[in-house]
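Peer 1: everything below, folded, please.
(one chain, ligands or ions: 1)
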Amino acid sequence: MDFLIDAELSNSTILGLAAASFVIWYVVTAFTAWYRLRHLPGPTLAKFSFLWQAHTIVTQQVSSRYINLREYGPLVVVAPGTVVTNDPDVLREISAARSTYKRSFWYAGAKFTHDTDSMGTQVDTAAHDILKAKTAGPYAGRETEGGLERAVDAQLVRLVDLIRRKYLSTPNELRSIDFAKLSRCFTMDVISGLVFGKPWGHLDEGEDVLGWIGTMDKLLPMMSVGLELPALRDIMIPKYGLLRWFGPKTSDRSGLGVVMKHVNETIRERFQNKDKPTKDMMGGFIRNGMTRSECEGEAILAVLAGNDTTASTIRSSMLYLMATPHAYARFKKEIKEAVEQGKVSSPITNEEAQKLPYTQAVMYETFRIGNAVTFGHYKVVPRGGDTLAGYYLPGGTNIGHNTLGLTHNKKIFGEDADIFRPERFLDCRADQKTGMMRALEIIWGGGRWTCAGKNVALIELNKTAFELMRHFDFQVVNVHNPVKERAYISKLHDDMFVRISEADWSCI
Ligand code: HEM
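Peer 2: Predicted coordinates for the structure are as follows:
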């Protein structure tokens, strides 16, 4: 009996000791984190705890809170040992070609499988650079039949055709369509067509054929919280972490596993038929010596990074145009004149689009205010520390993009930075325009970390709004709730119902 009481006592003593150790550990680490960055501004809770970020994401306050961080200045503490900036010069400096900043472990948190790293999740700089070099040609369109532009054009033609077939409204019939989904179908077929030479078929009938869209809607919120909490990353990502047991698998009946299975089977066939080279990105990856597992990782990354980012910007362009009558009319007028004067092909070429001032202003204003990326992409301050924007940052500090803050930075974009006004790129001094363009440029990341799909995205953005407005007119169906937006590490949209009708030029 005495023996049992002793055992109970010692068990509760052990529990008590463990709890006390945890509290001491937490207090010491929280104090140390605060002490190291005590000279920097930021929300008080964020200086001691990751709760500020977790709360921001879970309560859907990413957009408002990250934009309002501008009140604190260029560098703001958002979590222990973690700073974000809305200053494009700081971002340019840390990502410059010769910079010694490395990626933080945050990037590894975006892994879907424990044993595959892609260029997007690889935190070792040398290993990242090797993958970047092997994928550079394919991403530049050097391996694509007819080049990147022809591949985008093919999907644009299918998008216009799908709208004519299924979604065109007339005075006698309202065919309301969720443009949030339609825009994702378009970018999904662009990227799958580029990677595999044949689109997955989202634009055949406007359906989420592999279930990717629905899966990402569920996964992104969890992924966004997981990325920001180091403790969670530490139990998920390592070799024997939870991802190994609970991550998506090709044997799954739904979700990401289904897409992975499809991707992996296509790649297996490619490797079995290596003697029959193909003119697409995957063919290029294989010719550049990438292993099967590397090809699998890069294919999923391309779909992940290349789908909703661009789709989100495209639907923002349509939404902001519909909500801004003068911009809608002015854009239409430029389209009408360009077509009548024979200045543009069908579809418009990238080069032609770049010569149309208002088309460019709409594109850049949408890229600014409707950008899909919000914050993150942390790099680590090298040992010895660094001084940025006048603040000393100790070595080991994570510093990341506050893209929302940057795109709403009033010092760069003007006092009315919170509204959509394409004219800001036209009615301004040359130096102001240069400042705005330089700020937008770093949204893609800089140096070795620059977005690999930037050229693809810019081609899509240059053409899509122009072609849609050339053929059709758009109207918001639900004016009280035009769209449901959720912001995580990137933005998600649902229920953006629009009425699309044949373009009516009589009032332009
Ligand atoms: C509006 C559209 C897009 C935006 C705003 C965007 C933005 C970004 C950003 C901020 C990064 C990370 C930079 C960093 O780590 O510092 C990135 C990386 C990446 N993006 Fe994009 N992106 C877009 C479209 C695309 C498209 C269409 C593709 C594919 C065709 C793509 C493929 C990638 C890849 C593969 C990476 C990883 C690059 C690396 O690890 O070096 N992105 N993108």
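
Peer 1: would you mind listing the buried residues in stretch 242-253?
Peer 2: Within stretch 242-253, the residues scored as buried using 16 or more other C-beta atoms under 10 Å are 243, 247-248, 250. Every C-beta, even on glycine, is put in place using the N, C-alpha and C of the backbone.

Peer 1: and for stretch 427-435?
Peer 2: Across stretch 427-435, burial judged by 16+ other C-beta under 10 Å covers residue 435.

Peer 1: got the CA positions of it in CSV?
Peer 2: Extracted C-alpha coordinates of stretch 427-435, given in CSV (Å, rounded to 0.1, in the frame of the first residue of the first chain):
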residue,chain,number,x,y,z
ASP,A,427,-1.3,60.6,-63.8
CYS,A,428,2.0,60.7,-61.9
ARG,A,429,5.6,61.9,-62.1
ALA,A,430,8.1,59.6,-63.7
ASP,A,431,9.9,59.0,-60.4
GLN,A,432,6.6,58.1,-58.7
LYS,A,433,5.9,55.6,-61.4
THR,A,434,9.4,54.1,-61.1
GLY,A,435,8.9,53.8,-57.3
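
Peer 1: ok, residues contacting that stretch?
Peer 2: With C-beta atoms under 8 Å, 6 or more residues apart in numbering as the test, stretch 427-435 has contacts from 412, 425, 436.

Peer 1: show me what counts as buried in the helix ranked longest in the chain.
Peer 2: Determined from DSSP state H, the single longest helix within the chain is helix 2-36. Neighbour-count burial for helix 2-36, with 16+ other C-beta under 10 Å as criterion, is recorded at 33-34, 36.

Peer 1: the residue in the chain that the ligand sits nearest to and residue 290: what is the separation?
Peer 2: Using C-beta to the nearest ligand atom, the single residue of the chain nearest to the ligand is residue 453, 2.0 Å away. Counting by C-beta to C-beta, to the nearest Å, the separation of residue 453 from residue 290 is 17 Å.

Peer 1: next one: residue 139
Peer 2: 13 Å.

Peer 1: okay, these two: which has more neighbours?
Peer 2: Neighbours were counted for residue 139 and for residue 290 using other C-beta atoms under 10 Å; residue 139 has more, 25 against 21.

Peer 1: is it true that that one touches residue 457?
Peer 2: No: using C-beta atoms under 8 Å as the test, residue 139 is too far from residue 457 to be in contact (10.8 Å).

Peer 1: could you export the buried residues of stretch 242-253 as a markdown table, including distance to the ligand?
Peer 2: Conversion of these to a markdown table gives the following (distance: C-beta to the nearest ligand atom, whole Å):
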| residue | distance to the ligand |
| --- | --- |
| 243 | 19 |
| 247 | 20 |
| 248 | 19 |
| 250 | 22 |
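
Peer 1: before we move on, the earlier item: would you tell me what the next helix or strand after the longest helix of the chain is?
Peer 2: The helix or strand immediately downstream of helix 2-36 is helix 44-48, counting by DSSP states H and E.

Peer 1: what is the mean pLDDT for the very next helix or strand once past that next one?
Peer 2: On the C-terminal side of helix 44-48, the closest following helix or strand by DSSP H and E is helix 51-58. Mean pLDDT, helix 51-58: 95.

Peer 1: which residues touch helix 51-58?
Peer 2: Residues from elsewhere that reach helix 51-58, judged by C-beta under 8 Å, 6+ apart: 43, 45-46, 61-62, 65-66, 78-79, 82, 221, 224-225, 228-229, 488.

Peer 1: over to stretch 131-147?
Peer 2: Stretch 131-147 has contacts (C-beta under 8 Å, 6+ apart) with 118-119, 122, 148-151, 194, 197, 279-285, 287-290, 294, 298, 448, 452-453, 455-456.

Peer 1: so the closest residue to residue 303 other than its chain neighbours versus residue 17, what's the distance?
Peer 2: Nearest residue to residue 303 in three dimensions, chain neighbours excluded: residue 191, at 5.7 Å (C-beta to C-beta, 6 or more residues apart in numbering). Distance of residue 191 to residue 17, given as C-beta to C-beta: 54 Å.

Peer 1: how about the residues of the stretch 101-250 of the chain by the ligand?
Peer 2: The interface of the stretch 101-250 of the chain toward the ligand, taken as C-beta under 6 Å from any ligand atom, is made up of 119-120, 132, 191.

Peer 1: surely residue 170 and residue 501 touch.
Peer 2: Yes: Residue 170 lies in contact with residue 501 (C-beta under 8 Å); the separation is 7.0 Å.

Peer 1: and residue 110, what pLDDT?
Peer 2: Taking residue 110 on its own, its pLDDT is 88.

Peer 1: could the buried residues of stretch 242-253 go into JSON lines alongside pLDDT, secondary structure and distance to residue 390?
Peer 2: Shown next, in JSON lines, are the buried residues of stretch 242-253 (pLDDT from 0 to 100; DSSP: H, G, I helix; E, B strand; the rest coil; distance: C-beta to C-beta, whole Å):
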{"residue": "243", "pLDDT": "80", "secondary structure": "helix", "distance to residue 390": "40"}
{"residue": "247", "pLDDT": "80", "secondary structure": "coil", "distance to residue 390": "43"}
{"residue": "248", "pLDDT": "84", "secondary structure": "coil", "distance to residue 390": "44"}
{"residue": "250", "pLDDT": "88", "secondary structure": "coil", "distance to residue 390": "51"}
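
Peer 1: rewinding a little: separate out the buried members of the residues of the stretch 101-250 of the chain next to the ligand.
Peer 2: Among those, the ones that count as buried by 16+ other C-beta under 10 Å are 119-120, 132, 191.

Peer 1: buried ones in stretch 218-226?
Peer 2: Buried positions in stretch 218-226, judged by neighbour count with 16+ other C-beta under 10 Å: 219-221, 223-226.

Peer 1: out of these, the closest to residue 406 would be?
Peer 2: residue 224 (18.7 Å; C-beta to C-beta).

Peer 1: hmm, stretch 486-496 touching the ligand?
Peer 2: No: residues of stretch 486-496 are not located near the ligand by C-beta under 6 Å from any ligand atom, the shortest gap being 8.4 Å.

Peer 1: first to last residue in that stretch, what's the distance?
Peer 2: 13 Å (C-alpha to C-alpha, to the nearest Å).

Peer 1: for the protein, which segments are assigned as strands?
Peer 2: Secondary structure of the chain (DSSP state E): strands at 75-79, 82-85, 102-103, 177-178, 375-380, 386-388, 391-393, 398-402, 472-476, 484-487, 491-494, 497-502.

Peer 1: skipping its backbone neighbours, what lies nearest residue 424 in space?
Peer 2: Nearest to residue 424 is residue 414, by C-beta to C-beta, 6+ apart, at 6.0 Å.

Peer 1: and what of residue 457?
Peer 2: Nearest one to residue 457, counting by C-beta to C-beta, 6+ apart, is residue 310 at 4.8 Å.

Peer 1: residue 386 now?
Peer 2: Residue 386's closest residue in space is residue 393 (C-beta to C-beta, 6+ apart), at 5.5 Å.

Peer 1: repeat that for residue 62.
Peer 2: Closest to residue 62 by C-beta to C-beta, 6+ apart is residue 487, at 3.9 Å.

Peer 1: so what's residue 446 up against?
Peer 2: 91-92, 94-96.

Peer 1: hmm, back to that, which among the contacts of stretch 131-147 end up buried?
Peer 2: 118-119, 122, 148-149, 151, 194, 197, 280-285, 288, 290, 294, 298, 452-453, 456.

Peer 1: near the ligand, which residues of the stretch 351-500 of the chain?
Peer 2: 371-373, 377, 443-445, 449, 451-453, 456-457.
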